[in-house]
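Participant: Predicted structure and sequence below. I'll ask about it afterward.
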Amino acid sequence: MLAFMLEVTDVELLCTDEQLTELLQELKSRGISFSVDHNSTSQVIRFDGEKGIDLEFRLRGDGYKLVNKRLKFHNPVLAELFRDFVVRYKGHATIKMFRSETLFIHHVQYGEVVRITEVSGNQRKVLLDKKEMITMEKVMQSFLLTDIEERIPKVRASIDEALDQLSVALENGDMETVQALKRELRALRREMLLYEM
């Protein structure tokens, strides 16, 4: 079971009409109370008793794009379902799970957890760091998920953040984190080069 609070940011997710119907059926089977507002351009799922959580899916081409970029869940069952939905349909997100005094940050790309960081007090530890391989298929998926003009500033911001963390890790002599950040920077550089082609 997930923690009492789960925050999801930087969400990028596309799904088909069938996949959205599948989500609604799964919500019903788990006993989550909700309503759906339909119109010609979007579907909005509203959850009873959950303030501020309305999932808006806007019609785009042959499917739907999730409009929400930031969500905060207090219902652990709903949080778990949403996390699984992002992973199953190959979305992107940063998922922050709070368990007692510890924060776990999961970075999901193309439906795969590529980095897990544990933060406890002022201690930060990388639990998982997969080397990201950028393929043409992933670049094409990226085109579908978001426009290049929107993605480039995010990649630049990620590079700046990684460089700041690298500087701190070098000062502290944390060579494990230094190597992990160098791998991350190489992957971000490859992604930026592909966008600039």
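Facilitator: Happy to help now that I have it.
Participant: Can you pull out the residues in contact with the lengthiest helix in the chain?
Facilitator: For the chain, the helix reaching the highest residue count under DSSP state H is reported as helix 148-172. Contact with helix 148-172 is made by 10, 142, 175, 177-178, 181-182, 184-185, 188-189, 191-192, 195, as judged by C-beta atoms under 8 Å, 6 or more residues apart in numbering. No exception for glycine: its C-beta is placed from N, CA and C like everyone else's.
Participant: Neighbours of residue 43, how many?
Facilitator: For residue 43, the count of nearby residues is 18 (other C-beta atoms under 10 Å).
Participant: one step back: buried ones in the longest helix of the chain?
Facilitator: 151, 155, 158, 159, 162, 165, 166, 169 (16 or more other C-beta atoms under 10 Å).
Participant: and that helix, how far from the chain's centre?
Facilitator: Distance, stretch centre to chain centre, for helix 148-172: 17 Å (C-alpha atoms, centre = their mean, to the nearest Å).
Participant: repeat for stretch 73-93
Facilitator: Relative to the centre of its chain, stretch 73-93 is centred 9 Å away, using C-alpha atoms, centre = their mean.
Participant: One more: stretch 115-125?
Facilitator: When distances are taken as C-alpha atoms, centre = their mean, stretch 115-125 is centred 18 Å away from the chain's centroid.
Participant: Ends of it, what's the gap?
Facilitator: The first and final residues of stretch 115-125 sit 11 Å from each other (C-alpha to C-alpha, to the nearest Å).
Participant: who touches it?
Facilitator: 101-107, 126-130, 184.
Participant: Just the buried ones from those residues?
Facilitator: Among those, those classed as buried by 16+ other C-beta under 10 Å are 103, 104, 105, 106, 107, 126, 129, 184.
Participant: Kindly reformat these as JSON lines containing distance to residue 36, secondary structure and pLDDT.
Facilitator: Output for these, formatted as JSON lines (distance: C-beta to C-beta, whole Å; DSSP: H, G, I helix; E, B strand; the rest coil; pLDDT from 0 to 100):
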{"residue": "103", "distance to residue 36": "33", "secondary structure": "strand", "pLDDT": "87"}
{"residue": "104", "distance to residue 36": "31", "secondary structure": "strand", "pLDDT": "86"}
{"residue": "105", "distance to residue 36": "31", "secondary structure": "strand", "pLDDT": "88"}
{"residue": "106", "distance to residue 36": "28", "secondary structure": "strand", "pLDDT": "86"}
{"residue": "107", "distance to residue 36": "30", "secondary structure": "strand", "pLDDT": "87"}
{"residue": "126", "distance to residue 36": "40", "secondary structure": "strand", "pLDDT": "84"}
{"residue": "129", "distance to residue 36": "39", "secondary structure": "strand", "pLDDT": "80"}
{"residue": "184", "distance to residue 36": "39", "secondary structure": "helix", "pLDDT": "88"}
